[in-house]
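Q: Here is the input, now give the coordinates:
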Amino acid sequence: MKTKPDLSFWKLWNLSFGFFGVQIAYALQSANVSRIFTTIGADPHDLSYFWILPPLMGLLVQPIVGMMSDRTWNRFGRRLPYLIFGALIAVIVMCMLPNAGSFQFTVSSAILFGLVALMLLDTSINMAMQPFKMLVGDMVNEKQKGLAYSIQSFLCNAGSIVGYIFPFLLMWLGMQNVAPAGVVPDTVIWSFYLGAAILLICVIYSLVKVKEWSPKVYNEYNGVPENKEKGSGNVITLLRKAPSTFWSVGSVQFFCWFAFLFLWTYATNTIAHNAFSTPTVETITGIRCNGTDYNAKYLIANDTIILIDHGKKTSDFLASAKGAFVLTTADIVVKNPDGTLDTNDATSHRIENAADCSFVSKTVLDASSPQYNDAGNWLGLLFAVQAVGSVLWAVVLPRFRSRKFSYILSLLLGAAGFIMTAFFTNQWLLFVAFVLIGCAWAAMLAWPFTILTNSLKGGNIGAYLGLFNCTICIPQIVAAIVGGWILSMLSTPGQLAPEYLMMTIAGVSLVIGAACVFLIKENAAVETKPMETPAISENM
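A: This next block holds a predicted model:
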C-alpha cells in the first residue's frame, strides 16, 4: 500500500469548505423549526412530533449514502455526486420552508406543507453532509488527519455561528421582525434565503476545487484490492462484526441526543416565556358537550358558524343559547349569496341542552408578539454562543490525561447548562448556560467519532460511519415520540404548557449519559497516548 502524500493547507481546506454552507443550513433548521411551526399555529404539545422527521431522514439516508458512496465511481467522483444532489435539493427547500405561513393555507395545511418541506430539507442536508467526512478519510494521510479535522471543525462551527445569528443580524440591520399572525417574520425568511445562496456558492466551489482520486489510485493509497472495494457484507453482517465500542458509545449517544432534541424543540418557548415575558393568548379548539369534544375546521350551530379553523370564535353562542340545538362539524363551508351555508365532509349532532356545553380552550404564547420574535432571535444568538463555547472547549479536551474523564465532565457541565436554561429569567445569564451546553456539544461531536474510528479497520468505513449515525438518529426519534406525551402528563388543561420542565428532563438525561461513559472500554495504549485534535462528527 502506498503512503498517501501530504496535502497543502489549501487542499485540506478545499476538501471541507462545503461543510461551511451545509452547516449554515443545519443551524437555520435547528434554531428555527420550532419557531416556524409555533408561528403558523402548531400546538406546543405537538412540537416534538415535528422533530421526528429530521432524525428519521438521517436514519434512512446516512447509512444508504455511506454504503452507496463506498461503491460509487463516475466522472463526478465517488462522494461528490451525493453532495451535489443533496445540496441542490436543500437550496430549493430552504426557499420554501419559511414561507409555510405565507400561502393563505389553513393552519393544518400550512403545518402539512411545513412538514413536507422539513422532511425534504433534512434528507438533503444529510445527503450533502456525509461526503465531507468521507473525503478526509479517503484522501488524507494519518499524519494530517488531525489538521484536516481541525479545519473541518472550524468550518463546521463557523457555519453554525453564521446560521444562528442571521435573524438577529437582519433585525439589527432594520428588517421587520414581526409579521401578521400565522406568518413567519422576514428576518427568518431572508435568513433562509441567504443560507441557501451561501450553500450554493460552497457547492460550486467544492466542485471546482476538489478532484477525487480514480478507483485505481484510491485502492493503491488505501490498501484495498479492487475486487474487495465493493464491500464485505450487508447491514446485518456489519452490525454483527461491529467492535464493542460501537455499542458502548452508542449507549452514551442515546441519552445525549435525547437531551439535545428536547433543547431544539422546547428552548424557544422556554426562553420566550421565562426571559422575555411573552404574553399568552387563549385559543378556542372546539366545544365539549356532555364529556364529548367536537373539533373540526368549522363548527356550526343552527346554521350559524361559531368557530373557524380551530380557534377563531365568531360569536359567544353558548352564552345566549338555551335548550337543544344542532351542531355541525365540517372541513369545508361555502356561503351562498342568500346567506345559507353548503357544507362538505360534514357531520351533524343533536345537542339536547346548550347548558351542558362549553368551549374547549388552550393557552399558548402569542407567537406574533414582538417579545416572542425577539426571543426567537435571541435563541439564535445563544446557539452561536454554544458554538463558540464548543470550539473553545474542543481545544481543552485533548489536554485531559483521561479521555473518559473529559467526556464525563463535559456532559455534566452540559446538564448544568440545561437546568439553568429551564429556570434563568435573565436573558444575559443564559449566555453562561449555553457556554456549558457547548462543552457537552464539543465532547459529543469529538469523542464518539474518535473512539469509533480508532477501532475500525477494513474497507467499510463509510458504511460504519453511516450506521453509527443511527446512534444519533434513533434517540432523537424516541425523544420526539415521547416528548409530547411527557409534556401532556406535566400540563394542566387550559394552562400554558410547562416546557421549561422538558429542559430539566434533558439535563437529567445528560447525567445518565455521563454515567454510561463508564461502559466504554478502551485499551490503555489508546487511553493514555497523546491525542490529536478531536474530530467533529456529523451534526443531524
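Q: ok, longest helix in this protein?
A: helix 107-139 (DSSP state H).
Q: What pLDDT does the model give Ile332?
A: At Ile332, the model reports a pLDDT of 65.
Q: For Tyr394, give its distance to Ala506.
A: For residue 394 the amino acid is Ala, not Tyr. Ala394 sits 22 Å away from Ala506, going by C-beta to C-beta, to the nearest Å. The C-beta positions use only the backbone N, C-alpha and C, and glycine is treated the same way.
Q: Of the two, which one has the most company?
A: Between Ala394 and Ala506, counting by other C-beta atoms under 10 Å, Ala506 is the more crowded of the two (30 against 25).
Q: mean confidence score for the helix or strand the more buried one falls within?
A: Ala506 belongs to helix 500-516 when assigned by DSSP states H and E. Averaging pLDDT along helix 500-516 yields 97.
Q: Make residue 1 into 27 and carry on from there
A: Fine by me, first position is 27 from now on; the one you just mentioned is helix 526-542.
Q: Alpha carbons only: can I get that helix in CSV?
A: In CSV, the C-alpha atoms belonging to helix 526-542 read as follows (Å, rounded to 0.1, in the frame of the first residue of the first chain):
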residue,chain,number,x,y,z
TYR,A,526,-39.2,24.5,31.0
LEU,A,527,-39.6,21.1,32.7
MET,A,528,-38.7,19.4,29.5
MET,A,529,-35.3,21.2,29.6
THR,A,530,-34.9,19.9,33.2
ILE,A,531,-35.6,16.3,31.9
ALA,A,532,-33.0,16.9,29.2
GLY,A,533,-30.4,17.8,31.9
VAL,A,534,-31.1,14.6,33.8
SER,A,535,-30.7,12.6,30.5
LEU,A,536,-27.2,14.1,30.1
VAL,A,537,-26.3,13.0,33.6
ILE,A,538,-27.4,9.4,32.7
GLY,A,539,-25.3,9.7,29.6
ALA,A,540,-22.3,10.7,31.6
ALA,A,541,-22.8,7.6,33.8
CYS,A,542,-22.9,5.4,30.7
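Q: list the helices and strands that helix packs on?
A: With contacts defined as 3 or more C-beta pairs under 8 Å, 6 or more residues apart in numbering; DSSP states H and E, helix 526-542 has these neighbours: helix 270-300, helix 429-449, helix 496-516.
Q: In TSV: those, plus distance to Leu141, mean pLDDT and mean neighbour count.
A: Output for those, formatted as TSV (distance: least, C-beta to C-beta, whole Å; pLDDT from 0 to 100; neighbours: other C-beta atoms under 10 Å):
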stretch	distance to Leu141	mean pLDDT	mean neighbour count
helix 270-300	14	92	24
helix 429-449	27	96	22
helix 496-516	12	91	19
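Q: Figure out which of those is closest to Asp319.
A: Distance to Asp319, taken as C-beta to C-beta, is lowest for helix 496-516 among the helices and strands packed on helix 526-542, at 14.7 Å.
Q: what's that closest one in contact with?
A: 70-78, 80-82, 84-85, 88-89, 275-276, 279-288, 291-292, 474, 523-525, 527-528, 531, 564, 566 (C-beta atoms under 8 Å, 6 or more residues apart in numbering).
Q: list the contacts for Met470?
A: Contacts of Met470 (C-beta under 8 Å, 6+ apart): 279, 282-283, 286, 436-437.
Q: meant to ask about Ala441
A: 285, 466, 533-534, 536-537, 540.
Q: Quick check: buried residues in the helix holding Ala532?
A: Neighbour counts over helix 526-542 (16 or more other C-beta atoms under 10 Å) mark 526-533, 535-540, 542 as buried.
Q: Equivalent analysis for stretch 156-173, please.
A: 156-166, 170-173.
Q: and if you look at stretch 141-148?
A: Within stretch 141-148, the residues scored as buried using 16+ other C-beta under 10 Å are 141, 143-148.
Q: Could you single out the nearest of these to Leu325?
A: Taking C-beta to C-beta as the measure, Leu325 lies nearest Leu141 of the buried residues of stretch 141-148, at 25.0 Å.
Q: Give me the distance between that closest one and Gly402.
A: The spacing between Leu141 and Gly402, counted by C-beta to C-beta, is 20 Å.
Q: SS state for Arg314?
A: strand (DSSP: H, G, I helix; E, B strand; the rest coil).
Q: Isn't it up against Cys383?
A: Yes - under the criterion of C-beta atoms under 8 Å, Arg314 makes contact with Cys383 at 6.6 Å.
Q: And these two? Which one has more around it.
A: Cys383 (21 against 15).
Q: hmm, back to that, output the contacts of Ala441 in CSV; the columns should cover distance to Ser387.
A: Formatted as CSV, those follow (distance: C-beta to C-beta, whole Å):
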residue, distance to Ser387
Ala285, 32
Ala466, 38
Gly533, 31
Val534, 32
Leu536, 35
Val537, 37
Ala540, 41
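Q: Thanks a lot, see you next time.
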